[in-house]
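Student: Please find the sequence and the predicted model below.
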Amino acid sequence: MRYWVALIAGVCLSLAATVEAAPSTPHTLDRANVLFETTRDEIEVASAELEAATGVELFVATVPSLGYFSAREVALDLPVWDPSREQVVLLLAMNERQVRIQGSPSVNARIPDADWTALIQSRMLPKLRNGRNGAAVRAGIDVIAQRLKSTGQPPMTVGHTGDPRGLRDMIFILAAGVLALLAFHPARHLRTMRGRW
C-alpha cells in the first residue's frame, strides 16, 4: 500500500514540475527582459490601486520585436487581453522603439487614441530616448492612472475570481500531503507490526 501511495505521490510531483508556475507579477509581461524587479513590483502596486479606484486593469508588456504586426495588433494578441473587461495595456516594442497604450472598447469610448499618443510623447518618450525604460514605464503608469481617474467614471464592482492556477496548485499540495500522511503515519506502522490490518 505504501508503495502505491509513494508511486502516486511521485508521479503527481513530477507532473507538477512540468506545469508552468504562475507569474509573480501577473500584470507585467516582460518578454524583452528590460524591466527590473522593483519596476515590476511597482507595476503590480499601481495596477491594484488603479483597479480599486477606477475598476480598470492595467497591464505592462514589453516585446523584443513586433515582427510583421503593428503595435495595436500585438497588444490585442497578448494573453491578458480581454475586450469584455475594462483594461489598459501599455506596450513597449524595443527593436522598433514604439510605445502603444491600448484601451479596451469601454475605455476607448472615454479616452481616444489621440489623448494616449499625446501622453506618450510628453511623458514617456523623453525618458525612453535616454535609455531609462523603468522610469518611462513608471511615468506611463502614472499618466494612465491620472487620466483614468480624471474621467470621473465611478468604480465598477467586479468580483475578483483570482488565479485559477493557484486553486489548482493548492488542491494538488493538499492531496500530496494527505497521501504522504497515509503512507507514513506512525499508527499505521504499529498496526502492521502487530499483525493486524
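Tutor: Here it is on my side, so go on.

Student: what ranges do the helices span in this structure?
Tutor: If DSSP state H is used as the criterion, the helices of the chain fall at 2-18, 37-54, 71-76, 105-110, 113-119, 125-129, 133-150, 164-184, 186-194.

Student: Looking at those, which one is packed in the most?
Tutor: With neighbours taken as mean count of other Cβ atoms under 10 Å, these reach their highest mean count in helix 133-150, at a mean of 19. C-betas here are computed from N, CA, C, even on glycine.

Student: what does that one contact?
Tutor: Applying Cβ atoms under 8 Å, 6 or more residues apart in numbering, the external contacts of helix 133-150 come out as 34-36, 38-39, 42-43, 46-47, 49-50, 53-54, 56, 58, 60, 62, 88, 90, 92, 99, 101, 107, 111, 115, 119-120, 123-125, 127-128.

Student: what about this structure, any weak spots by pLDDT?
Tutor: Along the chain, the parts satisfying pLDDT under 70 run over 1-7, 9-25, 152-165, 185-197.

Student: On the strand side of things, show who residue 91 bridges to.
Tutor: Residue 91 has these beta-bridge partners by DSSP bridges: residue 61, residue 100.

Student: Against residue 123, how distant is the residue nearest to residue 101 when sequence neighbours are not counted?
Tutor: Setting aside the residues directly before and after it, residue 101 is nearest to residue 116 in space (Cβ to Cβ, 6 or more residues apart in numbering), at 4.0 Å. With distances defined as Cβ to Cβ, to the nearest Å, the gap from residue 116 to residue 123 amounts to 11 Å.

Student: Please apply the same query to residue 117.
Tutor: Per Cβ to Cβ, residue 117 is found 11 Å from residue 123.

Student: now do residue 66
Tutor: When Cβ to Cβ is the yardstick, residue 66 and residue 123 sit 22 Å from each other.

Student: Likewise for residue 61?
Tutor: In terms of Cβ to Cβ, residue 61 sits 18 Å off from residue 123.

Student: Looking at the two, which is more packed in?
Tutor: Regarding residue 61 and residue 123, a neighbour count based on other Cβ atoms under 10 Å identifies residue 61 as having more, with 23 against 17.

Student: Assess the claim that that one and residue 26 are in contact.
Tutor: No - with contacts defined as Cβ atoms under 8 Å, residue 61 does not count as touching residue 26, sitting 11.9 Å away.

Student: anything in contact with each of these two?
Tutor: Shared contacts of residue 61 and residue 26 (Cβ under 8 Å, 6+ apart): residue 80.

Student: coming back round to it: so can I have a markdown table of the helices of the chain showing distance to residue 84?
Tutor: As requested, those are exported to a markdown table (distance: least, Cβ to Cβ, whole Å):
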| stretch | distance to residue 84 |
| --- | --- |
| helix 2-18 | 31 |
| helix 37-54 | 16 |
| helix 71-76 | 13 |
| helix 105-110 | 9 |
| helix 113-119 | 20 |
| helix 125-129 | 31 |
| helix 133-150 | 18 |
| helix 164-184 | 17 |
| helix 186-194 | 52 |
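
Student: hang on, residue 35 packs against residue 62?
Tutor: Yes - counting by Cβ under 8 Å, residue 35 sits close enough to residue 62 to count as a contact (6.4 Å).
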